[in-house]
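*Asks:* Take this sequence and fold it.
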Amino acid sequence: MTMRSAAAALALASAAAWAPGAAAQTDELWEVTSQMSMPGMPAGMGAMTHQLCQEKASRKPALGEQMEKCQITDFKESGNRITMTVRCPEGTGHIEHTYNAARTEYKGTMKMKTRDGDMTMTSAGRKVGSCDAKVARKKQEADQAALMASVAGVQAQGAAEIKKFQDDTIRSCSQAPATMDPGKLGIWGSCAEQADQCKSYRTSGMDPGGRAEKACGASRAKLCARYQTAEGYFTAKGSQNVAKACAVDAVAVKTSLCPKAGKTDDSLPFLGRYCPVEAKPLAEKHCAGRDYTAMRTSGDKPKDKYHDFCLAYLANADLQPAPRPAAQPKPTDAIQKGVSEGINKLKGLFGR
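*Replies:* Numbers count the residues shown, from 1 in each chain. The predicted structure follows:
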């Protein structure tokens, strides 16, 4: 039983505990209002009002199934004041009730210390009529059974939804290395920047056993390892998002890969796209005069291993500033030069 369920059960026990017995041969119907506060509970929550049927001669409460592991100790009654201690595996509670002179109203407090912190409950009760405790107990047991069945159903539905969420998350993460898309890692791809959010996921119960975190961590490792290969870097288009998810520098990765690129066929496109200096000798040898008018569809094999290399090299070249052509003489300059040469020749003919 959790601290909250124990506290709730203790609240019921506290509320029902000392509705006083009466001389009449009827049981007593009490209306009880309680307010509970505990760590993590927003202010104003934990309030409830309910009716309880108390047997006429009872002073101590029957704790019921929810409290079967709890024990009542130190029960004391002095005048209009009753105190007791309830000891449970989750903690120990001290309860005190004070009645009016007619024993038709009371006010009470319960303080409980648990492993998770202190819980306090205040309550107020008033006798509102008579009842049959045996009938009320049967109804209470039936209501409790229905409630437990409802809770079990909700828990089963919640568990199924959490498992589906886990499975969907794992499925998405498994696609990240092939697509080089860090977005498919979800929250587990950005724990370095969002450590608090990842910590919240771990403690929220949305990833039982850490299945999604483990699977997505493995997928992230594969994606990052592939990004630091020529083929993976080319597939990712040098994505800064991937670099950020992997905590590496995209430029540094590219710089380290260029000297080794071109030694395998799958690294040729990377060489052509990102390493113009290293690619130039191969481009001069294999790309000149090549016909690129026939586009190949996705999945088709290139005409040869240099096809994609040359396409990448040309695409890279398009991004480079075109060399400026050498200055050409203006037409007027050529005419002036021709006129001067003609005059000089004429001067030679006439000895001048």
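*Asks:* correct me, but residue 49 touches residue 35?
*Replies:* No. The pair residue 49 / residue 35 is not scored as a contact, 10.0 Å apart, by CB atoms under 8 Å. The way it works is simple: take the backbone N, C-alpha and C, and place the C-beta from them, glycine included.
*Asks:* These two - which one has more neighbours?
*Replies:* Neighbour tally, residue 49 and residue 35, criterion other CB atoms under 10 Å: the higher count belongs to residue 35, 15 against 10.
*Asks:* Once you drop chain neighbours, what's closest to that one?
*Replies:* Nearest in space to residue 35, with sequence neighbours left out and distances taken as CB to CB, 6 or more residues apart in numbering, is residue 47 at 4.8 Å.
*Asks:* Let me see the contact set for that neighbour.
*Replies:* Shown in contact with residue 47 (CB atoms under 8 Å, 6 or more residues apart in numbering): 33, 34, 35, 36.
*Asks:* Work out for me the element the closest residue to residue 38 other than its chain neighbours sits within.
*Replies:* Closest residue to residue 38 apart from its sequence neighbours, by CB to CB, 6+ apart: residue 119 at 4.0 Å. Assessed by DSSP states H and E, residue 119 sits inside strand 117-131.
*Asks:* returning to what we had before: buried ones among the contacts of residue 47?
*Replies:* The neighbour count (16 or more other CB atoms under 10 Å) marks 34, 36 as buried among the contacts of residue 47.
*Asks:* Which of the contacts of residue 47 fall within strands?
*Replies:* Those of these mapping onto strands are 33, 34, 35, 36, per DSSP state E.
*Asks:* And the third one, how far from residue 122?
*Replies:* In other words, residue 35. 5 Å (CB to CB, to the nearest Å).
*Asks:* Next: the second one.
*Replies:* Taking CB to CB as the measure, residue 34 falls 7 Å from residue 122.
*Asks:* which residues do the two both contact?
*Replies:* What both residue 34 and residue 122 touch, as defined by CB under 8 Å, 6+ apart, is an empty set.
*Asks:* Columns distance to residue 174 and pLDDT on top of the contacts of residue 47, output as CSV?
*Replies:* Formatted as CSV, these follow (distance: CB to CB, whole Å; pLDDT from 0 to 100):
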residue, distance to residue 174, pLDDT
33, 54, 90
34, 50, 87
35, 49, 87
36, 45, 81
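*Asks:* Which residue ranges of the chain form strands?
*Replies:* 27-37, 47-54, 71-78, 81-88, 91-99, 105-114, 117-131.
*Asks:* now the ones you listed as JSON lines including distance to residue 170?
*Replies:* As requested, the strands of the chain are arranged in JSON lines below (distance: least, CB to CB, whole Å):
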{"stretch": "strand 27-37", "distance to residue 170": "39"}
{"stretch": "strand 47-54", "distance to residue 170": "41"}
{"stretch": "strand 71-78", "distance to residue 170": "46"}
{"stretch": "strand 81-88", "distance to residue 170": "39"}
{"stretch": "strand 91-99", "distance to residue 170": "38"}
{"stretch": "strand 105-114", "distance to residue 170": "36"}
{"stretch": "strand 117-131", "distance to residue 170": "35"}
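*Asks:* Ok, which of these comes nearest residue 261?
*Replies:* Closest approach to residue 261 among these (CB to CB): strand 117-131, 59.8 Å.
*Asks:* Return the distance of that closest one from the chain's centre.
*Replies:* 40 Å (CA atoms, centre = their mean, to the nearest Å).
*Asks:* Show me what it packs onto, helices and strands only.
*Replies:* Counting contacts by 3 or more CB pairs under 8 Å, 6 or more residues apart in numbering; DSSP states H and E, strand 117-131 is packed against helix 3-16, strand 27-37, strand 105-114.
*Asks:* per-residue confidence averaged over the longest one?
*Replies:* Within the predicted structure, the mean pLDDT of helix 3-16 is 52.
*Asks:* cool, and stretch 107-114?
*Replies:* Taken as a whole, stretch 107-114 has a mean pLDDT of 86.
*Asks:* The residue nearest to residue 38 touches residue 37, doesn't it?
*Replies:* Yes. Between residue 119 and residue 37 there is a contact under CB under 8 Å: 7.1 Å.
*Asks:* Longest helix in the chain, please.
*Replies:* When the chain is parsed with DSSP state H, its longest helix is helix 133-174.
*Asks:* quick one: that helix to strand 27-37, angle?
*Replies:* 30 degrees (axes from the mean of the first three to the mean of the last three CA atoms, to 10 degrees).
*Asks:* Packing partners of helix 133-174?
*Replies:* Applying 3+ CB pairs under 8 Å, 6+ apart, we find helix 133-174 packed against strand 47-54, helix 211-227.
*Asks:* So which helix or strand of this structure has the lowest pLDDT on average?
*Replies:* Least confident element among the helices and strands of the chain, by mean pLDDT, DSSP states H and E: helix 331-349 (a mean of 48).
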